[in-house]
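> okay, predicted coordinates and the sequence, questions at the end:
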Amino acid sequence: MAYLSFISDDDLKSAVLYILETAQSSLRDIEKKFGKNVIDPFGALFEMPGFGLSKDEWVENEKKRQAQKTLQNHIGTFHQKIIGSVLGWEDRKVGSIVDLVNTEKKIVAEIKNKYNTVTGAKLKDVYDTLHDAVLDKLSKYKGYTAYYVEIIPKKPKPYDQEFTPPDNKTGGKRASNVKIRRIDGQSFYALATGIPNALEQLINALPQVINDLLGAEKLSREEIAFIKEYFDKAYKEPPSKKQP
């Protein structure tokens, strides 16, 4: 039985293996380079007594923190690989104008892992890239709808709205356009696959894929339930309290 209905097992395993290997290689790289990179001595000074850490414990925590930062930079690429393997979608790879294209649906998308992956003045750069991709008369994607995808939203509330980031030069915002949109990850997965709970299906399938790839039960039932709680907090609005 397939892990998921909207992507092949081979493509899913390939995307998961990419992240697992990135995690392992980033930790190995940190082990080799630790001490060669500049370490914040002030942060270390306060973290050890503030967090109750010994010198050795602080070093191990710092290594994992640096490796985690590297890994987090690749999670967006993981989602790009997943959606790019769905029927009708194309992963345009790193360095292309846009991350994903669907010529049948006339959609292009830029994938970011979290709502705060891009902030401040850089948001307007994303807008400008999407604007030129779908509105420039010379662009091959002219007339498409462009999506800025934030896989992890700031609040557990779905959105698919016009993308109007602030412009620090004018003090205003970029012009609204129905063709340039901002959307949360759960809504985009639903749009891309036609399955309303596709993202939830993915998070539910991943522990088994990981365990199968590693040939051992690396994630216990307790740990899986722990992760699922955070998924629910990220995407599911808590029930409103009824007034007596």
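All right, it came through fine. Residues are numbered from 1 along each chain as shown.

> how about low-confidence regions in the protein?
Regions of the chain meeting the criterion pLDDT under 70 cover residues 240-244.

> now do the helices in it.
Assignment of helices within the chain using DSSP state H yields the ranges 9-33, 41-51, 55-84, 122-135, 185-193, 198-214, 221-235.

> mind listing what's buried in the third one?
The one in question is helix 55-84. 58, 62-63, 66-67, 71, 74-84 (16 or more other CB atoms under 10 Å). Heads up, the C-betas are built off the backbone N, CA and C, glycines and all.

> before we move on, back to that, tell me which of the helices of the chain sits nearest to Glu162.
helix 122-135 (10.4 Å; CB to CB).

> what packs against the closest one?
For helix 122-135, the contact count by 3 or more CB pairs under 8 Å, 6 or more residues apart in numbering; DSSP states H and E identifies strand 107-114, strand 145-152, strand 180-184 as packing neighbours.

> with just CA atoms, put that helix into PDB.
Coordinates of each C-alpha in helix 122-135 appear next as PDB, following Å, rounded to 0.1, in the frame of the first residue of the first chain:
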ATOM      1  CA  LYS A 122      13.200  41.400   1.300                       C
ATOM      2  CA  LEU A 123       9.500  40.600   1.100                       C
ATOM      3  CA  LYS A 124       9.000  43.200  -1.600                       C
ATOM      4  CA  ASP A 125      11.800  41.500  -3.500                       C
ATOM      5  CA  VAL A 126       9.800  38.300  -3.500                       C
ATOM      6  CA  TYR A 127       6.800  40.300  -4.700                       C
ATOM      7  CA  ASP A 128       8.700  41.900  -7.500                       C
ATOM      8  CA  THR A 129      10.000  38.500  -8.700                       C
ATOM      9  CA  LEU A 130       6.400  37.100  -8.700                       C
ATOM     10  CA  HIS A 131       5.100  40.300 -10.300                       C
ATOM     11  CA  ASP A 132       7.600  40.100 -13.200                       C
ATOM     12  CA  ALA A 133       7.000  36.400 -13.600                       C
ATOM     13  CA  VAL A 134       3.200  36.600 -14.200                       C
ATOM     14  CA  LEU A 135       2.700  40.200 -15.400                       C
END
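
> picking that back up, what would the helices of the chain look like in TSV with distance to Pro156?
Shown next, in TSV, are the helices of the chain (distance: least, CB to CB, whole Å):
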stretch	distance to Pro156
helix 9-33	24
helix 41-51	29
helix 55-84	18
helix 122-135	22
helix 185-193	9
helix 198-214	13
helix 221-235	5
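
> which of those sits closest to Lys142?
Among the helices of the chain, the nearest to Lys142 by CB to CB is helix 122-135 (6.4 Å).

> and for the closest one, what's in contact with it?
With contacts defined as CB atoms under 8 Å, 6 or more residues apart in numbering, helix 122-135 is touched by 97-98, 108, 110, 118, 139, 141-148, 163-168, 174, 177, 179-180.

> so what's the residue nearest the centre of the chain closest to, chain neighbours aside?
If you average the C-alpha coordinates of the chain and look for the closest C-alpha using CA atoms, centre = their mean, you land on Asn113, 2.0 Å from that point. Closest residue in space to Asn113, ignoring its immediate chain neighbours: Gly76 at 3.9 Å, by CB to CB, 6 or more residues apart in numbering.

> could I get the helices and strands packed on helix 122-135 as CSV with distance to Gln24?
Putting the helices and strands packed on helix 122-135 into CSV (distance: least, CB to CB, whole Å) gives the following:
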stretch, distance to Gln24
strand 107-114, 19
strand 145-152, 22
strand 180-184, 30
